[in-house]
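Enquirer: Next input, structure requested:
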Amino acid sequence: MSALFPWRFSAAASPLLSFEELKVHLSELDGKKNTPERRAELCDRIHSPDGPSCTRIIQKVLGDTNDDFSQQDTTYFRLHHIDDDDLSHPLAQIVVEPREGRLYGAAPHPALPIDVVAVLEKHALEKLREAGVQRIKIDVALFGLCKWILDKKRWKDANLVAKYGEEAAEAVEAVVLGRPRPGHSVLGVGTFRAAQAMWEDLANQYGHPANPGLVQDHIALFSGGRVVETLPFVDLREEAMRDFGGTLLRIHY
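Expert: All right, here's what the predicted structure looks like:
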């Protein structure tokens, strides 16, 4: 049996976004318009003062939390606008494995910013706790990692280059820019292998709760958890590599 959990954000000064307005925004990625540049433009618009910020969307979560929830193998939680009665426009989704106590695969609609994912992660975590699941693992995507590395060209950091070498720095740059290293025809396993040690170091810096660049909702999510492993280059979808290098943090609660 599926259950709806109303989830209301505090209203911002600007008007709440209607479902019709939201559908228009999401439709701007239809067909040939769905390009990396267009996705980035729409997400930037959402973060602008005049854009449809997620703090202006009244949301609801749909998930299967029947009496046997803690014994299920796999289910999904999805985020929708409160007026999406036919559930035709999911804003984000996460995979939940109650029996294993695991959350993973959180993904927002490509026209929406990452804070919708953090909301869904926290909600699913709470539901597992309410169901009495004692040991919980969550694989959290480090959204925004590539931009954070690129903004200050962190692969050029003298201490990191001294520690990991020029080849690692060149490989990290290639991953961030999404293009092969000089002299290479593809961005693939060899580049990932060369970049891995420096990339993990950068990912751990970015994923630390004290990092002011980290999404604040993720900081709240990490509270009470313990990062046990950094998993670079595991989500090879184009959008995942472009945003966070396919990198996850595995957190135990």
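Enquirer: contacts and neighbour counts: CA atoms only from here.
Expert: Fine.
Enquirer: ok, Arg193 - how many residues close by?
Expert: Counted with other Cα atoms under 10 Å, residues neighbouring Arg193 total 13.
Enquirer: hang on, it in a strand?
Expert: No: in this structure, Arg193 is helix, not part of a strand, as judged by DSSP: H, G, I helix; E, B strand; the rest coil.
Enquirer: any idea how far Lys163 is from it?
Expert: Distance, Arg193 to Lys163, using Cα to Cα, to the nearest Å: 16 Å.
Enquirer: same thing with Trp148?
Expert: Counting by Cα to Cα - Trp148 and Lys163 are separated by 20 Å.
Enquirer: Looking at those two, which is more packed in?
Expert: Each of Trp148 and Lys163 had its neighbours counted (other Cα under 10 Å), and the higher figure belongs to Trp148 (19 against 12).
Enquirer: Work out for me the element the more buried one sits within.
Expert: For Trp148, the enclosing helix or strand under DSSP states H and E is helix 145-151.
Enquirer: go on, Thr230?
Expert: If you go by DSSP H and E, Thr230 is part of strand 226-231.
Enquirer: what does Ala118 give?
Expert: Here Ala118, judged by DSSP H and E, is contained in helix 115-130.
Enquirer: who's in contact with stretch 197-207?
Expert: Judged by Cα atoms under 8 Å, 6 or more residues apart in numbering, the contacts made with stretch 197-207 from elsewhere in the structure are 142, 145, 148-149, 155, 160, 164, 168-169, 172, 211, 213-214, 230-232, 247, 249.
Enquirer: which stretches of the protein have low pLDDT?
Expert: Within the chain, the stretches falling below the threshold (pLDDT under 70) are 1-16, 30-40, 42-59, 61, 63-67, 114-115, 208-224.
Enquirer: Where do the helices of it begin and end?
Expert: Taking DSSP state H as the criterion, the chain carries its helices at 19-27, 36-47, 115-130, 145-151, 158-164, 166-177, 189-207, 216-222, 238-244.
Enquirer: Minimum distance to Asp73: which of those has it?
Expert: When the helices of the chain are compared for distance to Asp73 using Cα to Cα, the nearest one is helix 115-130, at 12.8 Å.
Enquirer: got the buried residues for that closest one?
Expert: By neighbour count, and taking 16 or more other Cα atoms under 10 Å as the criterion, the buried residues in helix 115-130 are 115-121, 123-125, 127-129.
Enquirer: Can I get it as CSV, trimmed to CA atoms?
Expert: Included here for helix 115-130 are C-alpha records, laid out as CSV according to Å, rounded to 0.1, in the frame of the first residue of the first chain:
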residue,chain,number,x,y,z
ASP,A,115,18.1,20.3,-2.9
VAL,A,116,15.0,18.2,-3.9
VAL,A,117,17.3,15.1,-3.6
ALA,A,118,18.5,16.1,-0.2
VAL,A,119,14.9,16.5,1.0
LEU,A,120,14.0,13.0,-0.3
GLU,A,121,17.1,11.4,1.2
LYS,A,122,16.3,12.8,4.6
HIS,A,123,12.7,11.7,4.4
ALA,A,124,13.5,8.1,3.4
LEU,A,125,16.1,8.0,6.2
GLU,A,126,13.5,9.0,8.7
LYS,A,127,11.0,6.4,7.4
LEU,A,128,13.5,3.6,7.8
ARG,A,129,14.2,4.8,11.4
GLU,A,130,10.5,4.9,12.1
